[in-house]
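Participant: Pasting a predicted model and its sequence here:
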Amino acid sequence: MLNMKKAAGFVAVPVLISMLAACGSNDSSSNGAKESASKGVQKVKLTMIESLSSPKRTEFLQQSIKEFEAQNPNITVELITPPLESADNKINTMLSAKQTLDILEVRDITVKQFVNNGYLENLDSYASQWPDYGTLTPGALTMAKDVDNKAYYIPYGIYQRQLFYRKDLFAEKGLEVPKTWEELYEVGKKLTDPAKNKYGYSYRGGAGGEQYITQIVQDYNGSNVNPKDSVFNNDGSSIFSTPGAVDALEMLKKIYKEVSPPDSANWAFAEQVQGFTSGTTAMLIQDPDTIDTVATSLDASQWGTAPLPTGPSGVSHFVLGAAGWGMTNYSEHKEEAWKLISFLSSPEQNLKFAKTSGVIPIHTTAGSDEFFKTGAYAPYIEMGKQPEKYVGVKPFTNYQGYALYKKNGTEKGQAFIMGRTGAADFAKEFDEFWKKEKANDKG
């Protein structure tokens, strides 16, 4: 961790000046002391804004800022916390108008836009001098340098998925936790009893459903997937162009038809999690921010977590999601802004933030903390130790057609699982879609 304490010598300077004046000290000594005193009492105010706020997280940030201010008495920090649903619009408005702003929350879905619009400072020169930069995890480094291979923000946490399962329901049937998609399907069938409103899996066919289609298709393409352009394989073909894609889609349809609630065709995040915590479903694939919700709803003996299921070749993929702290390129207090960013991003502060916010910490040193070594977060550490089996891939949000894919992928995905179109036709349609996107891509 960087030493954030200001030189204590400034505290004694005013007293020293009085003593020197009383003793008739020479002008050069007096002037030098006055300059130091002037620097020592000069106040700097930083303005900071968050996006993905929650009362618990905001309270933690406010406490961290107080700690930072205590260590840096010449710096004060104003934290702006807009309503969650309008926060990104607020940030955009402030940036476009160049309103006073030094530090901002940057997300994986906003960083490219901010960079393209010239809002963000390149942090490479600061990060290269930061001792803690060397302990960032591979995932944190990947996301920090997501745009142009330059660090435009320092992530405060990583989002990736894992498998949640109901220990109590598994124990009733004497079942083992599945390790593959095929096993998830087979185990799910044994946990499914529609007459009792019991199902094996929380399918997500509503908003965000295209993410799960992409994930299983990636898994059935195995190690061929390009981690930096994850809707394409290493040979340049789309992930939907292969026989594995058709197999993946057929498996996904079986998982919906045979082991998921019928209305899960329309489920989004909230319904997915509710189905799991209520006991309607026995398995769920979700992000770490789900852990707190599940832990609040269920006893620790009722649920557990496990690594993601793999495809036929033993490879699984997860999209790396991230958010963190960046600096405006028009800030008038860049050194002080970096001081706060590096403080909040230090191993000590980040570990506490991750525990509070339900994210995966950004430093490798977190792997030795009992909180993450055991319990609900342990699979993230386990998967992180097997990067060839559990492959982190960058989101493909840079394509102009990404929003259209989200819409069409979800809507056509619903039609597919309902039997209104076949797997081969579905795969062909999205293979052609992504080939056109690649041809039109301007980088």
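Facilitator: Yep, it's here.

Participant: Below-threshold pLDDT in the stretch 101-250 of the chain: ranges please.
Facilitator: Within the stretch 101-250 of the chain, no stretch falls below the threshold (pLDDT under 70).

Participant: where exactly do the strands run in it?
Facilitator: 103-107, 154-159, 162-166 (DSSP state E, counting those that start in this stretch).

Participant: just the ones you listed: most buried one?
Facilitator: Burial of those is given as mean neighbour count (mean count of other Cβ atoms under 10 Å); strand 154-159 ranks first at a mean of 26. C-beta: built from backbone N, CA, C; applies to glycine.

Participant: tell me the angle of that one relative to strand 103-107?
Facilitator: Between the direction of strand 154-159 and that of strand 103-107, the angle (axes from the mean of the first three to the mean of the last three Cα atoms, to 10 degrees) works out to 30 degrees.

Participant: so what secondary structure elements neighbour strand 154-159?
Facilitator: Using 3 or more Cβ pairs under 8 Å, 6 or more residues apart in numbering; DSSP states H and E, the elements in contact with strand 154-159 are helix 138-144, strand 321-327, helix 334-344, helix 347-357.

Participant: okay, the strands of the stretch 101-250 of the chain in JSON lines with distance to Gln286 next?
Facilitator: Written out in JSON lines, the entries for those read as follows (distance: least, Cβ to Cβ, whole Å):
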{"stretch": "strand 103-107", "distance to Gln286": "18"}
{"stretch": "strand 154-159", "distance to Gln286": "10"}
{"stretch": "strand 162-166", "distance to Gln286": "6"}
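
Participant: if you compare the helices and strands packed on strand 154-159, which one is most tucked away?
Facilitator: Taking mean count of other Cβ under 10 Å as the contact definition, the stretch among those with the greatest mean neighbour count is strand 321-327, which reaches a mean of 25.

Participant: Just want the angle from that strand to strand 154-159.
Facilitator: Angle between the axes of strand 321-327 and strand 154-159 is 170 degrees (criterion: the same axes, to 10 degrees).

Participant: Which parts of the stretch 251-400 of the chain are helices?
Facilitator: 269-277, 290-297, 334-344, 347-357, 370-373, 378-384 (DSSP state H, counting those that start in this stretch).

Participant: Mean pLDDT and distance to Thr58 for those helices - can I get that in a markdown table?
Facilitator: Rendered in a markdown table, the data for those read as follows (pLDDT from 0 to 100; distance: least, Cβ to Cβ, whole Å):
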| stretch | mean pLDDT | distance to Thr58 |
| --- | --- | --- |
| helix 269-277 | 97 | 21 |
| helix 290-297 | 94 | 15 |
| helix 334-344 | 99 | 13 |
| helix 347-357 | 96 | 10 |
| helix 370-373 | 90 | 21 |
| helix 378-384 | 91 | 25 |
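
Participant: do you know which of the strands of the stretch 101-250 of the chain lies nearest Gln274?
Facilitator: For the strands of the stretch 101-250 of the chain, distance to Gln274 was read as Cβ to Cβ. The smallest value, 12.7 Å, belongs to strand 162-166.

Participant: Partner strands of the closest one, with direction?
Facilitator: Paired neighbours of strand 162-166 in the sheet (DSSP bridges): strand 283-286 (antiparallel), strand 303-306 (antiparallel).

Participant: so which of those is the most packed in?
Facilitator: Among those, strand 283-286 has the highest mean neighbour count (mean count of other Cβ under 10 Å), at a mean of 24.

Participant: quick one: secondary structure of Lys45?
Facilitator: For Lys45, the reduced secondary structure class is strand; criterion used: DSSP: H, G, I helix; E, B strand; the rest coil.

Participant: begin at 64 from here
Facilitator: Fine by me, first position is 64 from now on; the one you just mentioned is Lys108.

Participant: show me the contacts for it.
Facilitator: Lys108 sits next to Ile138, Thr139, Val140, Glu141, His396 when contact means Cβ atoms under 8 Å, 6 or more residues apart in numbering.

Participant: The residues you listed: which two are farthest apart?
Facilitator: In the contacts of Lys108, two members sit farther apart than any others by Cβ to Cβ. They are Glu141 and His396, at 12.0 Å.

Participant: which neighbours do these two share?
Facilitator: With the criterion set as Cβ under 8 Å, 6+ apart, the overlap between the contacts of Glu141 and His396 is Lys108, Leu109.

Participant: Tell me who's in contact with Asp494.
Facilitator: Asp494 makes contacts with Ser301, Phe303, Ser304, Ala308, as judged by Cβ under 8 Å, 6+ apart.

Participant: where's it, which helix or strand?
Facilitator: When secondary structure is defined using DSSP states H and E, the element that contains Asp494 is helix 486-503.

Participant: list the contacts for Asp355?
Facilitator: Applying Cβ under 8 Å, 6+ apart, one finds that Asp355 lies in contact with Gly421.

Participant: Tell me the spacing between it and Gln349.
Facilitator: 12 Å (Cβ to Cβ, to the nearest Å).

Participant: now Tyr275
Facilitator: 10 Å.

Participant: ok, now Ser293?
Facilitator: With the distance defined as Cβ to Cβ, Ser293 ends up 19 Å from Gln349.

Participant: quick one, domains of the protein?
Facilitator: 104-222+384-425, 225-382+450-503 (automatic domain parsing).

Participant: For the shortest one, what is the distance to the chain centroid?
Facilitator: In terms of Cα atoms, centre = their mean, to the nearest Å, the centre of domain 104-222+384-425 is set 13 Å apart from its chain centre.

Participant: same check, this time on the longest one
Facilitator: Centroid displacement of domain 225-382+450-503 relative to its chain, using Cα atoms, centre = their mean, is 18 Å.

Participant: And that domain, end to end?
Facilitator: One end of domain 225-382+450-503 sits 34 Å from the other (Cα to Cα, to the nearest Å).

Participant: go on, stretch 379-394?
Facilitator: 42 Å.

Participant: likewise stretch 194-203?
Facilitator: As for stretch 194-203, its first-to-last residue distance stands at 15 Å under the measure Cα to Cα.

Participant: ok, residues contacting that stretch?
Facilitator: Here stretch 194-203 makes contact (Cβ under 8 Å, 6+ apart) with 64-65, 190, 207, 217-218, 221, 223, 383, 385, 405, 408-410, 423-428, 447, 450, 455.

Participant: could the contacts of Asp494 go into a markdown table alongside distance to Glu113 and neighbour count?
Facilitator: Converted to a markdown table, the contacts of Asp494 look like this (distance: Cβ to Cβ, whole Å; neighbours: other Cβ atoms under 10 Å):
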| residue | distance to Glu113 | neighbour count |
| --- | --- | --- |
| Ser301 | 37 | 21 |
| Phe303 | 37 | 26 |
| Ser304 | 41 | 20 |
| Ala308 | 39 | 25 |
